[in-house]
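Give me a 3D structure for the following:
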Amino acid sequence: PRPPPADGGGPMDFSQSNLFGYIEDLQELTIIERPVRRSLKTPEEIERLTVDEELSDIERAVYLLSSGQDIQGTSVVANLPALMRQNPAETLRRVLPKIREVLHVAGVEMQLTAAVSFLTVLQEESVSIHTYSHSFLHIILQNLEHRDAGVSNAWLETLLAVIEALPKETIRHEILNPLVSKAQLSQTLQSRLVSCKIMGKLANKFEAHIIKREILPLVKSLCQDVEYEVRTCMCRQLEHIAKGIGTELTKTVVLPELVELARDEGSSVRLAAFETLVNLLDMFDAGIFTPEQHLRFLEFYKKLSTLGLQQENGHNDNQLQLQTLEQEKKYISVRKNCAYNFPAMIIFVDPKNFHLELYSIFFCLCHDPEVPVRYTMAISFYEVAKLLNSGVYTIHKELVTLLQDESLEVLDALVSHLPEILELMTNGGENSGSESKLLSIPDLIPALTTAEQRAATSLKWRTHEKLLQKYACLPHIIPSDQIYYRFLHRMLTIILTNNVLPVQKAAARTLCVYLRYNRKQEQRHEVIQKLIEQLGQGKSYWNRLRFLDTCEFIMELFSKSFFCKYFFLPVLELTHDPVANVRMKLCYLLPKVKSTLKIPTDKHLLQQLELCIRKLLCQEKDKDVLTIVKRVRIFLFQQHFFQKRFYENDLLDQEKERQEHLLLEMVYFISTICPFFSSL
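Numbers count the residues shown, from 1 in each chain. Model prediction:
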């Protein structure tokens, strides 16, 4: 190779002469001869690995298991489920005995493959469970205590799945009886761990008296094992054993063991005991607590819920602040966990006792000075509302409080289930009249408008988008006039002024929902006119694009006749738009626009559509728009376009049209007929 440049670390020279020099160096490297093995296998090895093609699948499997290499044997074992599907009798007679022999000396890969294949055969039900237990069960049990922990666990998973399908007598003779010796202290650690997991599985296969007589003595022995791994493993199985023996035996046998394990010197054992105790709580009836214990537990929860909020006055020096910083974090974590478990506490005290027992704590948690606590309460607010049911009116004020929370994280969490919460609020209480819905939630409208304005002024546009989407539920909660004056015009302002496209689209769709449920014809006409003038005929091409988005939502939410009456022609006018992007978006929308026509009623509109397309074909100068027009035209004017109309869609459109007329008729009835009767 060439010597390095004289200047040592100078920049590399990529001049033509130097470049050719580097190429010469590379060429020199290519001709250096190195001994390279041209084949991975010698001819003798290839001959030994070659199998006669005329052999059947069964014969090939037997041959490979007898004289093949490990990788070939593993392939046969992996293919066992397929062989069982094709020829179960011959596979059991000839192949399975060979697999049994090979597994005695097999490596880890073949063992793992065999465990999976045996499980697959069971799941596919290739043979009866009687045949399976006779042919496969002994092989599984033989390999259960393999020296490799991964292999042992794989066979254990297979055995646990097999136990689910085996009859009781087979389990008793083949698994339970040998388990007595396998669980002894004289056996290996692996054997005792396996015994723990098997006993957890057996607990739901036998009656309680059999478990008490034959399994519980082994369980007690393993709970007191000298190895902490065994005690931990057995502790985690006590939940399954408790469910198998019932509540009474659990109280007298399992609980004392758990209490003892909860004081174990091993931290993993104590953790397992605690988790098992928590999982078993739902087993015990309500009477397990005396009234004094019930009250003590509730008072303890109340103290935890306000932990760290009652601080002594006076000392505020720096040393104390440093000492209490970590403690304050722990206090916040405790209160956060109390907030997380608040729905469970409602069940504990009974929802009808909520106001007396828990409302004060609910109030404190919703007004907690720390965001994580209030955030957790906002997440669980819907669960609380569901549990309270008809008593949901007691937490109206807290809903308003969280809607006005200074943290957008809290607002985002609350908004996720806002429609469901508001529905419970309005229908769960006594005030559920259609026009007096607002009375059931005082200050709701100011809180909703404040929340939207705060989201709008923040940088978290996704929260704003989600909030606008959820506000589409308001017509079912708030009277039509309030929607019109407080929310509908705000949606139009967002479409016109906001710079984030997803937010604009969310506002457009929600506006269309408000328009859909508006009951006054003059208000409807005013909004429609503003949409056409300020969006469809707006000076900004961006507004005209949003007009097309809005029209898409109108086609989705309103009847075909409504769209054709108010928006069909304004949409077609955009075929003359000076901006190519607007014309392009319109072209993509034309198939949907045409689908709103009813022939022959709307034949004149169809002629207008055809005329616009012809003009585009003749006058369009933008090649991309022209390409789309040509593509859309082929689809639009196929003869079967109107013939393939889905019956369900027609019924849905008829229902939309019926509801639109019904809303307007209700307003007419209220404004004309009702005053007449009231004057009599």
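
which stretches of this protein have low pLDDT?
Applying pLDDT under 70 to the chain picks out residues 1-54, 68, 285-288, 311-323, 428-442, 637-650, 653, 661, 664-680.

for the residue positioned nearest the centre of it, what are its contacts?
Centroid-nearest residue in the chain, with C-alpha atoms, centre = their mean: Ser416, separated by 13.8 Å. Ser416 makes contact with Ile379, Tyr382, Lys466, Lys470 under the criterion C-beta atoms under 8 Å, 6 or more residues apart in numbering. Yep, even glycine has a C-beta here, placed from its N, CA and C like the rest.

Check Thr113 too.
So Thr113 contacts Thr74, Val77, Ala78 (C-beta under 8 Å, 6+ apart).

helix or strand right after the host helix or strand of it?
Assigned by DSSP states H and E, Thr113 belongs to helix 108-124. Per DSSP H and E, the first helix or strand lying C-terminal to helix 108-124 is helix 129-135.

Would you mind putting the CA coordinates of that next one into CSV?
Taking C-alpha atoms only, helix 129-135 is exported to CSV below (Å, rounded to 0.1, in the frame of the first residue of the first chain):
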residue,chain,number,x,y,z
ILE,A,129,-57.8,-37.0,24.4
HIS,A,130,-57.6,-40.6,25.5
THR,A,131,-55.2,-41.4,22.6
TYR,A,132,-53.2,-38.2,23.3
SER,A,133,-52.8,-39.0,27.0
HIS,A,134,-51.8,-42.6,26.2
SER,A,135,-49.2,-41.6,23.5
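
So which bits of that helix are buried?
Using 16 or more other C-beta atoms under 10 Å as the test for burial, helix 129-135 gives Tyr132, Ser133, Ser135.

With stretch 387-400 instead?
Leu387, Leu388, Gly391, Val392, Tyr393, Ile395, His396, Glu398, Leu399, Val400.

What are the structural domain limits within the chain?
Domain assignment for the chain by automatic domain parsing gives 53-286, 289-308+324-442, 456-518, 520-645.

Turn the buried residues of helix 129-135 into a markdown table, columns for distance to Val503.
A markdown table is the format used below for the buried residues of helix 129-135 (distance: C-beta to C-beta, whole Å):
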| residue | distance to Val503 |
| --- | --- |
| Tyr132 | 60 |
| Ser133 | 63 |
| Ser135 | 65 |
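
Could you check how far Ala106 is from Ala82?
20 Å (C-beta to C-beta, to the nearest Å).

Just want to know which of these two has more residues nearby.
Set Ala106 next to Ala82 and count neighbours by other C-beta atoms under 10 Å: Ala106 wins out with 21 against 14.

Distance from the helix holding Thr113 to the middle of the chain?
Distance of helix 108-124 from its chain centroid, counting by C-alpha atoms, centre = their mean, to the nearest Å, is 31 Å.

Can you list the buried residues in that helix?
110-122.

related to what we said a few turns ago, which of the domains of the chain sits most buried?
Compared across the domains of the chain, domain 456-518 shows the largest average neighbour count, a mean of 19 (mean count of other C-beta atoms under 10 Å).

Straight-line length of that domain, end to end?
Across domain 456-518, the terminal residues are separated by 25 Å (C-alpha to C-alpha, to the nearest Å).

secondary structure class for Leu459?
coil (DSSP: H, G, I helix; E, B strand; the rest coil).

can you check Lys205 too?
Secondary structure, three-state DSSP: Lys205 is coil.

Helix or strand: which one has the nearest residue to it once chain neighbours are set aside?
In space, and not counting its chain neighbours, Lys205 is closest to Ile171: 5.9 Å by C-beta to C-beta, 6 or more residues apart in numbering. Applying DSSP H and E as the criterion places Ile171 in helix 168-171.

So what touches that helix?
So helix 168-171 is contacted by Ser133, Leu137, Ile163, Leu202, Lys205, Phe206 (C-beta under 8 Å, 6+ apart).

is it true that Leu535 touches Asp549?
No - the pair Leu535 / Asp549 is not scored as a contact, 9.1 Å apart, by C-beta atoms under 8 Å.
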